[in-house]
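> Mind folding the following:
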Amino acid sequence: MRHPQRNALQKHLRAGGVDTPLPRPPHLSDAYGDLGLKKGAFPFSEEIADTELSLPIGPHMSLEDANYVVELIHPFVPD
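Here you go, the predicted structure:
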């Protein structure tokens, strides 16, 4: 998910026990390291990565777990 206050949201979720890994733009990942691309090479991709976090999802989650994550996110949703 993307949010303009991604870091604050991540900190809030972490305090609630929810892990939210942060993405890395592909051109800055180790997989493309041999290309020598630097920060600024793909600004749109970097902007997305700077506002995005990964929420837990999968068959291992119960409905209660999913609802818990939603409730934690709720304060960051504008009215």
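> ok, the residue nearest to the spatial centre of the chain - contacts?
In the chain, the centroid-proximal residue (Cα atoms, centre = their mean) is L53; its distance is 0.5 Å. Each residue near L53 by Cβ atoms under 8 Å, 6 or more residues apart in numbering is listed here: 1, 3, 6, 9-10, 13, 20-23. (Each C-beta comes from the backbone N, C-alpha and C, glycine too.)
> how near is S29 to A8?
From S29 over to A8 the distance is 25 Å, taken as Cβ to Cβ, to the nearest Å.
> same check, this time on A41
Between A41 and A8 the computed distance is 28 Å (Cβ to Cβ).
> K38 belongs to a strand, doesn't it?
No: counting by DSSP: H, G, I helix; E, B strand; the rest coil, K38 falls outside a strand, being coil.
> Give me the pLDDT for it.
Predicted confidence (pLDDT) for K38: 94.
> what's the neighbour count on it?
Using other Cβ atoms under 10 Å, K38 is surrounded by 8 other residues.
> can you pull the contacts of it?
Counting by Cβ under 8 Å, 6+ apart, K38 touches no other residue.
> if you look at the contacts of L53, which of them are in helices?
Counted as lying in helices by DSSP state H, out of those, are 6, 9-10, 13.
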